[in-house]
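**Q** structure here, sequence nowhere to be found:
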DNA sequence: GGAATAAGTTAGTTGCGACTAACTTTATAT
DNA sequence: ATATAAAGTTAGTCGCAACTAACTTATTCC
């Protein structure tokens, strides 16, 4: 059973939404895929017909095991491609997402495996997102965002949002990249700015940006091999 | 104006058919793309509407300048991808065609240029087909096939058909690869077998295979850098 | 508990690109 | 010169995946 590109995109979106444990709602899927909610309703029927999701009308969708497998396969493709483009072809991390978004639907499993092998089977993509293994296993760490770090605490940047090129360029400028140490110096209340110390110096960021930066606890853990 | 994958495939097919100077006929296009002739008639109308071809009913199609540019762009993508997969990722030459057939529609110009640069801007793909330049120039050599080599003559293999994996594996076994010297020892008339001498020894091939092997004149020319 | 609002669905349309069946045009062969 | 074969086209259908407009179901708030 070969899936179309739109179907793979839906499954990816539903997978991401489900990470919080709740069913994926129609409007949320529509927002991610930038299509009309009515189009999502139509596709839900098809996906349910192919046993890729279960769908209770007005109640959102959940992936079936087959749907989850397909989603993880697409996510693996996407992240391996992103990693390969940066490691092997000199892409900057803000330009790999769009390219991977198209290639993920066209690359064979063999190509993905060869790419992964060529760059040493990385565990994460350039934005810190974990890469599912060939057999569809994904260790999802539950990370907190920079918003949850209290003043005075220290944390390590684990992962950043991958789909906004302008944001990524700015983050790179600030030095907010996976692996970087970050300390919150001060926080203004009511969604005010956050002052942080980075290896490159002290900066102030807004909450919208902070929400896109995922960090691992204040206790410093040894770096996993990356 | 962004072209769909099927449109790119039609333009490639028409380009290949036009190489002999004649207009591309409906049935020939249908055979290459493995679709029904009626489907081709329908697409002709669309392509003509987009000014990519001119089409006189019952008279075949010709590419417009815009159509030719688009065809060459797709062909460049295809051949660069084939070359990259063999040079950089260890693909054998019989497995690159199918992969390239899909990736050519998804890769950005930037990716293609980076791939080409990474492997030293090769002039041909692994099967000896010339790669169009970035600006859409393609030096089409007029080659003869092994069928046209008389007994006793020597030639150099320049290019082989790229889309039949089984044939390619067999050719590799025989040592019939671009750059190889080949001498026709004897020929039986009426489509009979052809005895050839290769670096690896003496072999006998049928006319169907010989037709797929393109060679450059008996006079040995210096090898162009490849 | 009923009105307002948010969320979701249905109905009907569109474009693409394939298909089959039936028909027309062109080429070929006696 | 006409019959036949080959090539090509038209007409109508289908599935996919989007759309808008109109309607229905849930939720929330007094």
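**A** That came through, no problem. All of these numbers come straight from a predicted model, not from anything done at the bench. Numbering: from 1, shown residues only, chains lettered A, B, ... in the order given.

**Q** pLDDT on stretch A:168-188, on average?
**A** Average pLDDT, stretch A:168-188: 92.

**Q** go ahead and confirm residue A:75 touches residue A:14.
**A** No: counting by CB atoms under 8 Å, residue A:75 sits too far from residue A:14 to count as a contact (11.6 Å). Glycine gets a C-beta too; all of them are placed from N, C-alpha and C.

**Q** so which of those two has more stuff around it?
**A** Neighbours were counted for residue A:75 and for residue A:14 using other CB atoms under 10 Å in any protein chain shown; residue A:14 has more, 27 against 23.

**Q** quick one, what contacts the more buried one?
**A** Residues in contact with residue A:14 (CB atoms under 8 Å, 6 or more residues apart in numbering or on different chains) are A:24, A:29, A:53, A:61, A:62, A:63, A:67, A:71.

**Q** ditto for residue A:198
**A** Going by CB under 8 Å, 6+ apart, residue A:198 touches A:174, A:175, A:176, A:180, A:181, A:182.

**Q** one more: residue A:192?
**A** Residue A:192 is in contact with residue A:207, counting by CB under 8 Å, 6+ apart.

**Q** quick check, it in a helix?
**A** No: residue state for residue A:192 (DSSP: H, G, I helix; E, B strand; the rest coil) corresponds to coil; a helix is not indicated.

**Q** and it, what pLDDT?
**A** On the pLDDT scale, residue A:192 gets 84.

**Q** which positions in chain A make contact with chain B?
**A** Neighbours of chain B within chain A, by CB under 8 Å from any CB of the partner chain: A:85, A:88-91, A:95, A:98-99, A:102-103, A:105-108, A:110-111, A:114-115, A:118.

**Q** roughly how far does the spatially most central residue of chain A sit from residue B:55?
**A** Centroid-nearest residue in chain A, with CA atoms, centre = their mean: residue A:129, separated by 5.4 Å. Distance, residue A:129 to residue B:55, by CB to CB, to the nearest Å: 48 Å.

**Q** is DNA strand D within reach of the longest helix anywhere in chain A?
**A** If you go by DSSP state H, chain A has its longest helix at helix A:65-89. No: shown here: helix A:65-89 not in contact with DNA strand D (CB under 7 Å from any atom of the strand), separated by at least 12.8 Å.

**Q** tell me how far that helix is from the chain's mean position?
**A** 11 Å (CA atoms, centre = their mean, to the nearest Å).

**Q** and the helix or strand just after it, what does it pack onto?
**A** Reading on from helix A:65-89 to the C-terminus, the next helix or strand found by DSSP states H and E is helix A:96-103. Judged by 3 or more CB pairs under 8 Å, 6 or more residues apart in numbering or on different chains; DSSP states H and E, the packing partners of helix A:96-103 are helix A:65-89.

**Q** and the helix it packs on, what's buried?
**A** Neighbour counts over helix A:65-89 (16 or more other CB atoms under 10 Å in any protein chain shown) mark A:67-86, A:88-89 as buried.

**Q** kindly indicate which of the contacts of residue A:14 lies nearest residue B:9.
**A** residue A:71 (28.7 Å; CB to CB).

**Q** verify the contact between residue A:96 and residue A:85 for me.
**A** Yes: assessed by CB under 8 Å, residue A:96 is found in contact with residue A:85 at 4.6 Å.

**Q** drop anything exposed from the contacts of residue A:14.
**A** So, by 16+ other CB under 10 Å, the buried ones in those are A:24, A:29, A:53, A:61, A:62, A:63, A:67, A:71.

**Q** what sits closest to residue A:156 if chain neighbours are left out?
**A** Nearest residue to residue A:156, sequence neighbours excluded (CB to CB, 6 or more residues apart in numbering or on different chains): residue A:216, at 5.1 Å.

**Q** quick one: residue A:19 and residue A:140 touch, right?
**A** Yes: counting by CB under 8 Å, residue A:140 is a contact partner of residue A:19 at 6.5 Å.

**Q** can you list phi and psi of the closest residue to residue A:93 other than its chain neighbours for me?
**A** Excluding the flanking residues, the one nearest residue A:93 by CB to CB, 6+ apart is residue A:126, at 4.3 Å. Note on residue A:126: backbone dihedrals following degrees, to the nearest 10 are phi -60, psi -20.

**Q** hmm, residue A:86 and residue A:126 touching each other?
**A** Yes: Residue A:126 is within contact range of residue A:86, at 4.7 Å (criterion: CB under 8 Å).

**Q** shared neighbours of these two, anything?
**A** Taking CB under 8 Å, 6+ apart as the criterion, residue A:126 and residue A:86 both touch A:93, A:96.

**Q** what parts of chain A come near DNA strand D?
**A** Near DNA strand D, when you scan chain A using CB under 7 Å from any atom of the strand, you find A:4-7, A:9, A:33-36, A:38-39, A:42-43, A:46, A:57-58.

**Q** what's the neighbour count on residue A:136?
**A** Residue A:136 has 15 nearby residues by other CB under 10 Å.

**Q** residues contacting it?
**A** A:68, A:69, A:72, A:73, A:76 are the contacts of residue A:136 under CB under 8 Å, 6+ apart.

**Q** please produce JSON lines containing those, extended by pLDDT.
**A** Output for these, formatted as JSON lines (pLDDT from 0 to 100):
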{"residue": "A:68", "pLDDT": "97"}
{"residue": "A:69", "pLDDT": "97"}
{"residue": "A:72", "pLDDT": "97"}
{"residue": "A:73", "pLDDT": "97"}
{"residue": "A:76", "pLDDT": "98"}
